[in-house]
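Peer 1: After the sequence you'll find the predicted model.
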Amino acid sequence: MGVCDSKEVAPGSAPADISKEATAKSKEIDRQIADEKVSSKDIKILLLGTAETGKSTVLKQLRIIHGGGFTDDDITTFRYAAKRNIFDTVKTLVEAMELLKIPYGFNPHTAKCAQKSSKPSLHHAPSLADSKENVGFGKHAPIAIEAAEIWASTKFIDDATRGETQAAVDLILSTHPEYTKSLPLPLVNAIKLLWNDVGVKYCFSRSNEFQIIDLSYFMQDIDRFIASDYIPTNQDILASRVMTSGVCETKVIIKGTIFRVFDVGGQRNERRKWIHVFDNVNAIFFLFDLSAFNQVTVEDQNINRVVESLTVFTFICNHNAFKRSAIMIFMNKIDLLREKLEHSMVQDYFPEFLGTNDYKEVSKFFAEKIASFNKNQEKQLYFHYTQANDTTKMKAVLATVIESILVNNLQSAGLM
Ligand SMILES: Nc1nc2c(ncn2[C@@H]2O[C@H](COP(=O)(O)OP(=O)(O)OP(=O)(O)O)[C@@H](O)[C@H]2O)c(=O)[nH]1
Ligand SMILES: [Mg+2]
């Protein structure tokens, strides 16, 4: 039921009985389409948005809720994706430790006390923002390369642990990502040792200063994902991260109507491929990552992710090809936004925001910003506040979204 021009797929095969049900459902959908037991007029939907905003996650939910679930090939892909996600997370952290000059074993709380009496006086731990390549992090992002150097020269772990840690770092850095399909034991031990290091944890807490996806879901239960008989659950599949490349079409039948859903890659070099699917679009699901307000893009360290999202949205919303398309905006990752607001101030990144640092006010602020870029006043935008990796919540959202698309469609066909 899914047709992909190009997609990242891990090699190997899944256990035979895992997704029999999904495969059967998928065949059933294909049969219904072939038998024309569904409305002849299908509905075309585009999932658009910048990278990592959650487009593929929404597609996964459509497949779980309205499609046949996942096929053997998908299961195989996601079995390997979990291992790759675990490896990539630790490798990124090891590189970030170097970048941010954080020593292994570094505990900011203990270190802060130790530093109180010494020069320079510090209110914050040293940050990338202190460096000459300051990329515009918030004003609460700290000071002092000098402080980082003092910390770097201090011993935070004993010599034996230091040796083990260095060996783990060397192993991670010398491992080719392709080797991670089976995650051999020495690599697993290195990953666990580093993930449990307090300095690494501190580094992770500053994850908006470098490029990493929060995959702590996988890191907290590594043994389950590396077991030879591991079969991904739907929740594992929703949590996993496989970057989309190219255009991927999936068909689902809802209320007797075929929905052709196109998922695309959101990274800059992927966006030039979008144009190929711009014709006859009934609805766009535009994904906006609310939690990205304090992050910069992968492609350009000088561009805030939300600003990039707004630029892309302006282009899409006012594009001639979408004059008649409904635009549904998924204000996504509301759960991560709420977590982030506990320690990060929106006003530091968007000085024009004058509200309190509360998720409702922040979401409203961004919704208003998005709406202000809609030059066609007649065009209605539909806003939905979502957590794309939560199936129960997405069931309700998708029901509303689909209903309004169906109504819209009947209206434009003059049947209502
Ligand atoms: N906590 C949380 N994680 C989410 C949410 N939505 C998506 N994610 C996670 O964010 C990561 C990126 O999601 P994807 O769906 O792969 O993003 P994408 O927009 O398809 O990214 P590209 O393919 O690069 O364009 C995945 O690990 C998802 O599990 C959400 O609402 N909350
Ligand atoms: Mg994707």
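Peer 2: Received, thanks. Ligands and ions are numbered 1, 2, ... in the order given.
Peer 1: The residue in the stretch 1-150 of the chain that ligand 2 sits nearest to sits in which helix or strand?
Peer 2: As assessed by Cβ to the ion, ligand 2 sits closest to residue 56 within the stretch 1-150 of the chain, at 3.2 Å. Using the backbone N, CA and C atoms, a C-beta is placed for each residue, glycine as well. When elements are assigned from DSSP states H and E, residue 56 belongs to helix 55-65.
Peer 1: before we move on, the earlier item: is the residue of the stretch 1-150 of the chain closest to ligand 2 in contact with residue 244, as I believe?
Peer 2: Yes. Counting by Cβ atoms under 8 Å, residue 56 touches residue 244, with 5.4 Å between them.
Peer 1: Compare the two and say which is more crowded by neighbours.
Peer 2: Neighbours were counted for residue 56 and for residue 244 using other Cβ atoms under 10 Å; residue 56 has more, 24 against 21.
Peer 1: Report the contact partners of the more buried one.
Peer 2: By Cβ atoms under 8 Å, 6 or more residues apart in numbering, residue 56 lies in contact with 47, 242, 244, 263.
Peer 1: ok, for residue 367, nearest residue in space, not its chain neighbours?
Peer 2: residue 383 (5.3 Å; Cβ to Cβ, 6 or more residues apart in numbering).
Peer 1: I'd assumed that neighbour was in a strand, is it?
Peer 2: Yes. Applying DSSP: H, G, I helix; E, B strand; the rest coil, one finds residue 383 inside a strand.
Peer 1: would you list every one of the strands in this structure?
Peer 2: Assigned by DSSP state E, the chain shows strands spanning 2-4, 43-48, 247-254, 257-264, 283-289, 326-332, 381-385.
Peer 1: So, low pLDDT: which residues of this protein?
Peer 2: 1-40, 110-156, 410-416 (pLDDT under 70).
Peer 1: Name the single longest helix found in it.
Peer 2: Longest helix in the chain by number of residues, with DSSP state H as the criterion: helix 72-99.
Peer 1: Kindly compare burial across the strands of the chain and name the winner.
Peer 2: Burial of the strands of the chain is given as mean neighbour count (mean count of other Cβ atoms under 10 Å); strand 283-289 ranks first at a mean of 26.
Peer 1: Check what contacts it and list those residues.
Peer 2: Contacts of strand 283-289 (Cβ under 8 Å, 6+ apart): 43-50, 52-55, 58, 266, 305-306, 309, 313, 316-317, 322, 325-333, 366, 370, 388, 401, 405, 408.
Peer 1: wait, what's in contact with the closest residue to ligand 2 within the stretch 301-416 of the chain?
Peer 2: Proximity of the stretch 301-416 of the chain to ligand 2 (Cβ to the ion) peaks at residue 388, 11.0 Å away. Contacts for residue 388 (Cβ under 8 Å, 6+ apart) come out as 54, 57, 58, 61, 238, 287, 330, 332, 333, 394.
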